[in-house]
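Novice: Requesting a structural model of the entry that follows:
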Amino acid sequence: MLIKVLVENNSGDLCKGEKGLSLYIEADNKKILLDTGETSLFLENASKLNVTLNDLDFVVLSHGHFDHGDGLRFIKNKKLICHPDSFKRRFRKRDSSYLGLHMDLERANSKFDLTITREPYKLSENITFLGEIPRENNFESKNTPFKFENGEDDFVLDDSALVINSEKGLIVIPGCSHSGICNIISYAKKVTGVDNVYAVIGGLHLMNLDNATYKAIDFLKKENISIFYPIHCTKKIVADEISKLLINTLVKRSFSGDTISL
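Specialist: Residues are numbered from 1 along each chain as shown. The predicted model follows:
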């Protein structure tokens, strides 16, 4: 299995970065694009990395924020998998700025072979889109800086992830973890029936060394995860703390243009 980081917040040696995420994944004889970033940069970086996106089996949208899905404007005629809430209009509370997708559901239906689901959806025998993640623990996703057009709180219920059942254990790939990385891991284990988590690769949405972050790290320590690639919405101070406290785990930051082989 390999993952190429097409877009991440930080530029790499070869590829530019932007605030957002796009991952090209080859696994279980499938070619998958998880998120598209904000602009066409994912296409430019794919070309630099000699990644061909013409024969993708699936495009998966982790959730409906512009920095993960506005790049959908630059592709078409693909199988697109996402949660039904991904096309809702949503805003930041602090300044009412828009942060949802600029593509609506009608346009997505016309451009893609669209599957929207709250339930887990199998992309192959060993790859599953988790759908809506239950918020079960008492420390993640308890507050939100986002709101819908009508002013109601937006807890980003569409935030999802991919899970790959490998010979070494589960590989969990969240886009942004608004639903909580611990909630995501717990649900991935429940959906697959596999208890061993081998690797976590993706955005953790952990910004500060606060009580919730340390509770999340305590959870992660108990999972005995072998490999951790915290990218995108994971502050360096948090990634460094994870590396310090998960002493038996390889923790490595990847940038735009990097290749992760497992």
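
Novice: All the strands of the stretch 1-150 of the chain, residue numbers only.
Specialist: Along the stretch 1-150 of the chain, the segments classed as strands by DSSP state E, counting those that start in this stretch run 2-7, 22-27, 30-34, 58-60, 79-82, 90-92, 113-116, 121-122, 127-129, 146-148.

Novice: neighbouring strands for the fourth one, and are they parallel or not?
Specialist: Strands adjacent to strand 58-60 in the sheet, as given by DSSP bridges, are strand 30-34 (parallel), strand 79-82 (parallel).

Novice: Could you list the buried residues of it?
Specialist: Buried residues in strand 58-60, defined by neighbour count with 16 or more other C-beta atoms under 10 Å: 58, 59, 60. C-beta coordinates here come from the backbone N, C-alpha and C atoms, glycine included.

Novice: Any regions of the stretch 151-262 of the chain where pLDDT drops low?
Specialist: Along the stretch 151-262 of the chain, no part satisfies pLDDT under 70.

Novice: helix or strand right after the helix or strand that contains residue 214?
Specialist: In the assignment (DSSP states H and E), residue 214 maps to helix 211-223. As assigned by DSSP H and E, the chain's next helix or strand after helix 211-223 is strand 227-231.

Novice: which outside residues touch the next helix or strand after that following strand?
Specialist: Moving toward the C-terminus from strand 227-231, the next helix or strand (DSSP H and E) is helix 236-245. Residues outside helix 236-245 that contact it (C-beta atoms under 8 Å, 6 or more residues apart in numbering): 204, 206-209, 213, 217, 220-221, 228, 230, 249, 251, 253.

Novice: Disregarding flanking residues, what is the spatial nearest neighbour of the residue nearest the centre of the chain?
Specialist: Centroid-nearest residue in the chain: residue 175, 1.0 Å away (criterion: C-alpha atoms, centre = their mean). Excluding the flanking residues, the one nearest residue 175 by C-beta to C-beta, 6 or more residues apart in numbering is residue 62, at 2.4 Å.

Novice: Residue 1 now?
Specialist: Leaving aside its sequence neighbours, residue 1 sits nearest to residue 27 (C-beta to C-beta, 6+ apart; 4.1 Å).

Novice: Nearest to residue 157, out of the buried residues of strand 58-60: which one, please.
Specialist: Among those, residue 60 lies closest to residue 157 (C-beta to C-beta), at 16.6 Å.

Novice: Please look at the residue nearest to residue 175 and residue 156 and confirm they touch.
Specialist: No: applying C-beta atoms under 8 Å as the test, residue 62 and residue 156 come out as separate, 10.0 Å apart.

Novice: So what are the sheet partners of whichever strand or helix holds residue 198 and their directions?
Specialist: For residue 198, the host element (DSSP H and E) is strand 197-203. Sheet pairing for strand 197-203, assigned by DSSP bridges, gives strand 169-174 (parallel), strand 227-231 (parallel).

Novice: by how many degrees do it and helix 236-245 diverge?
Specialist: Angular relation of strand 197-203 and helix 236-245 on a 0 to 180 degree scale: 170 degrees, by axes from the mean of the first three to the mean of the last three C-alpha atoms, to 10 degrees.
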